[in-house]
Every structure is written in C-alpha cells, then in structure tokens.
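K.L.:
Here is a sequence together with a model predicted from it:
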Amino acid sequence: MTRPAKDFFAPLAVGAPAPLREIPARPSRAIHFFDPGNEKMAAKVPDMVGTVDVLLGNLEDAVKAENKEKSRQGLVDIGKSTDFGPTQFWTRINSLDSPWVLDDLTTLVPEIGDKLDVIMVPKVQGAEDIHYVDRLLAQLEARAGLTKPLQVHAILETARGVANIEEICAASPRMQGLSLGPADLAADRRMKTTRVGGGHPGYLVRQDPARDDLGVPQYDAQRTTYQQDLWHYTIARMVDACAMHGIYPYYGPFGDIKDTVACEDQFRNAFLLGCVGAWSLHPVQITIANKVFSPSVEDVAHARRVIAAMGDGTGAVMIDGKMEDDASVKQCRVMVALADALAAIDPELKEQYDRIEVADV
Ligand SMILES: CCC(=O)SCCNC(=O)CCNC(=O)[C@H](O)C(C)(C)COP(=O)(O)OP(=O)(O)OC[C@H]1O[C@@H](n2cnc3c(N)ncnc32)[C@H](O)[C@@H]1OP(=O)(O)O
Ligand SMILES: O=CC(=O)O
Ligand SMILES: [Mg+2]
C-alpha cells in the first residue's frame, strides 16, 4: 500500500532532506557504465566528464564477486576526487538480496552521498523494494547530514517487476526513472534469446504467399520477412508508466558492441517511443546515444515553424501540405523543449539548432 497523500512528501527519517516535489528533467542521453575497480576504465572517467550526460559506477553484474569491495572503494575514490561539472554521477548498487548491498549503501551515502545524483537499483520486483531503499536512504542521509535527497532509478528486469510497474513508479518521491534490463528480463521470463538486448532474426512476420491464377497459395515462392522488435511491448509499457508518474524511461544495454548500426536502430526505436536515453557499455556507444537522443535539426526547425504558425496554440493551419493543430503543436513543444535543454549543455548542438532557426523559421 502506498502512503496517504498527506504523508507522501514527508521525510522518512528525522533530519533527512525533504523529498523532491518534481524530478528534474536533466539531459541523460547516455548512462555510461564503468567498473570503478577496473584501473583502466576508472582512469578514463575524469576525462569523460562533460562528454557524456551520466557517468555510472557499476557495482552489480559485470563486476566479479571477488572484486566487489575493490569496485566499491574505487567508486568512493572517484566520487571524492572528481569534479563532475555538468555530468550526473550515478551508481548501480548490488541487488537487494545480495550479500553486498547493505555495505554498498552504508558506505556510499556517508562517503559520497553529496556527489551522487541517482542510485540505480537492480531487479526491483515491487513497491516493497523501493520502500526498503527509501527508508534506509533517509536514515543514512540524516546521519550524514545531506541536504539533497538521493534519487532512485529501478531496473525493469523481472516479470514481477513488469507486472508491478505502476506501483514501482509510484512507490516514492525519490523515483527518478526506469531502465529496461533485457538480459535479466529475458532470463526471468524464459525468453529463448541469449542476446543482450536488440532484435532477433527468428522474431519476425512473413509476407502472405503469392497466389497463382486460380487463387492457390504458392507456399514455396519467395516471401519477404520483416524482423520485429522483441522489446516493443515492455518499452511501451515502461514509457506509459513513467509518463504517468512524471519520471523518465530509458532503454538499457545493447551487448553487441561491434554492431553499432543495430545499436543505433535499437536506441532510435526507444527514442521515438518516448525514452530519454539508453545505457552505454563502451565509449563507442556514447557517441551513438548522444546522436540518437538529440532531436535532428530538421525536426527542431519544423517544430519551431509549427509553434510560430500556431500562435496561441489553438485552431488548425496548413504547413507544407500538412494539417497542424492543438495536438500537433504539443508534439512540437516536446521536441523544442528537449532541444533547448540539450542546447544549454551542448555547445555543438546549440550552434546547429541556432543556425537552422535563423535560416528556416
Ligand atoms: C547485460 C546486463 C548488464 O548488466 S549490462 C551492464 C554491465 N556491464 C558493463 O558495465 C560492461 C562495461 N563494459 C565493459 O566491461 C567493457 O567495455 C567490455 C564490454 C568488457 C569491453 O572491454 P574491452 O575489451 O577492454 O574493450 P576495448 O578493448 O574496445 O576498450 C578500449 C579502451 O576503452 C576502455 N573501456 C572499455 N569499456 C569502457 C567503459 N565502459 N568505460 C570506460 N572505458 C572503457 C578499455 O579499458 C580500453 O582502454 P585502453 O585503451 O586499453 O586504455
Ligand atoms: O541489467 C541489465 C540487464 O539487461 O539485465
Ligand atoms: Mg540485469
């Protein structure tokens, strides 16, 4: 059961910071994962500040059991020694049933709680998991004297989590967003794919067979097939739940690092459906996410034209042979709001958007 409205924004521990009333819409096109216990990766982090919207020190899967303490300490060292400037600093803690998570939280909050923006919680099953983290964070924040509440991001990677998606989003004012976790979710659902995200050539629809002059189907004739998106349902469900609760949806990992083309396609599908970003597992995926999750200059130019032509935003107009009205101007405002937010942190994009504005609006 969720808390009554009158208590929803009350701090959960005496001395804990007041919960946020609204989750800030900070650009987060790529959530870049690194292992803070891997010296090579960790050494690259200071230079990545400003080139990526979110740097995430990962403590969960992909960190070997024997290295958990080393990675946690590495994260503390990086947090203390790095000025993150405009880049957000997140972590992914170990799962709530693991032997490491309590030490993750009781170490990270006092040591670098003032530097961290968001704590990503894996394998969230329902509101009870968020309630546990919510109360513990409040106690730790109060003890550490933090003035800014930590936000919480849940990975959607169990069938139960998907079934409980709305209650997870509504469980706490700390909820910042959700990411699709296609690898764990595939395993939990017993899907028959061994890929980390992305499509599958076996998941397809096939064109109907051609018919001969007598109308007899030619089953053996060549027929086109169209590969389908295995993740469409879950991403769409996640986008609706997040939009309803004023929080943000993200596509998760794309494991085929070398297949930059398919990665771009998967990210773009997520962008078009309403996701604000995706995970990056390797530096090459930052470039892809930054490109895909930034509206194109053409879309921004068109959106600005529609907004200008629509005046007070009511009625209908024709632009380039297409009808625009109260609803489509709202779509255009979504595009322009995102472009403005990105232009504020990305000088290259700002220049591109400004140039188009002068020429085409
Ligand atoms: C599937 C479910 C999930 O939970 S996904 C999230 C968990 N997985 C992860 O966080 C994986 C993170 N990425 C990695 O571990 C590595 O990128 C993997 C995929 C193993 C590839 O590493 P590697 O074989 O070294 O790649 P490479 O030779 O092309 O690397 C070139 C240089 O770049 C570095 N690099 C690599 N990945 C990162 C990263 N994520 N962040 C920062 N730096 C990275 C490498 O260390 C390498 O550096 P150098 O040139 O040797 O100095
Ligand atoms: O944690 C991510 C996943 O795909 O599993
Ligand atoms: Mg996972």
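P.N.:
Great, that's in hand. Numbers count the residues shown, from 1 in each chain. Ligands and ions are numbered 1, 2, ... in the order given.
K.L.:
This structure: helices as residue ranges?
P.N.:
Per DSSP state H, the chain carries helices over the ranges 39-48, 68-81, 101-112, 127-144, 159-163, 165-169, 182-189, 232-245, 260-273, 283-292, 297-309, 326-343, 347-360.
K.L.:
got TSV for these, with mean neighbour count too?
P.N.:
The C-beta positions use only the backbone N, C-alpha and C, and glycine is treated the same way. As requested, those are exported to TSV (neighbours: other C-beta atoms under 10 Å):
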stretch	mean neighbour count
helix 39-48	14
helix 68-81	18
helix 101-112	18
helix 127-144	19
helix 159-163	16
helix 165-169	21
helix 182-189	19
helix 232-245	18
helix 260-273	19
helix 283-292	20
helix 297-309	18
helix 326-343	16
helix 347-360	14
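K.L.:
Format those helices as JSON lines; extra columns: distance to ligand 1.
P.N.:
Shown next, in JSON lines, are these (distance: least, C-beta to the nearest ligand atom, whole Å):
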{"stretch": "helix 39-48", "distance to ligand 1": "4"}
{"stretch": "helix 68-81", "distance to ligand 1": "11"}
{"stretch": "helix 101-112", "distance to ligand 1": "15"}
{"stretch": "helix 127-144", "distance to ligand 1": "17"}
{"stretch": "helix 159-163", "distance to ligand 1": "15"}
{"stretch": "helix 165-169", "distance to ligand 1": "18"}
{"stretch": "helix 182-189", "distance to ligand 1": "4"}
{"stretch": "helix 232-245", "distance to ligand 1": "15"}
{"stretch": "helix 260-273", "distance to ligand 1": "12"}
{"stretch": "helix 283-292", "distance to ligand 1": "6"}
{"stretch": "helix 297-309", "distance to ligand 1": "29"}
{"stretch": "helix 326-343", "distance to ligand 1": "22"}
{"stretch": "helix 347-360", "distance to ligand 1": "22"}
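K.L.:
Take these and write them to JSON lines, including mean pLDDT and distance to Gln218.
P.N.:
JSON lines is the format used below for the helices of the chain (pLDDT from 0 to 100; distance: least, C-beta to C-beta, whole Å):
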{"stretch": "helix 39-48", "mean pLDDT": "96", "distance to Gln218": "55"}
{"stretch": "helix 68-81", "mean pLDDT": "98", "distance to Gln218": "59"}
{"stretch": "helix 101-112", "mean pLDDT": "98", "distance to Gln218": "59"}
{"stretch": "helix 127-144", "mean pLDDT": "98", "distance to Gln218": "54"}
{"stretch": "helix 159-163", "mean pLDDT": "98", "distance to Gln218": "41"}
{"stretch": "helix 165-169", "mean pLDDT": "98", "distance to Gln218": "44"}
{"stretch": "helix 182-189", "mean pLDDT": "98", "distance to Gln218": "36"}
{"stretch": "helix 232-245", "mean pLDDT": "98", "distance to Gln218": "31"}
{"stretch": "helix 260-273", "mean pLDDT": "98", "distance to Gln218": "32"}
{"stretch": "helix 283-292", "mean pLDDT": "98", "distance to Gln218": "40"}
{"stretch": "helix 297-309", "mean pLDDT": "96", "distance to Gln218": "42"}
{"stretch": "helix 326-343", "mean pLDDT": "97", "distance to Gln218": "43"}
{"stretch": "helix 347-360", "mean pLDDT": "81", "distance to Gln218": "50"}
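K.L.:
Tell me which of the ones you listed lies nearest to ligand 2.
P.N.:
Ligand 2 lies closest to helix 182-189 among the helices of the chain, at 3.3 Å (C-beta to the nearest ligand atom).
K.L.:
In the protein, which residue is most central in space?
P.N.:
Closest residue to the average C-alpha location of the chain: Tyr250 at 2.3 Å, with C-alpha atoms, centre = their mean.
K.L.:
Apart from its neighbours in sequence, what residue is nearest the closest residue to ligand 1 within the stretch 51-200 of the chain?
P.N.:
Relative to ligand 1, the nearest point of the stretch 51-200 of the chain is Ala62 (3.3 Å; C-beta to the nearest ligand atom). Leaving out its chain neighbours, the residue that sits closest to Ala62 by C-beta to C-beta, 6 or more residues apart in numbering is Asp35, at 6.6 Å.
K.L.:
ok, the one you found touching Val63?
P.N.:
Yes. Assessed by C-beta atoms under 8 Å, Asp35 is found in contact with Val63 at 5.6 Å.
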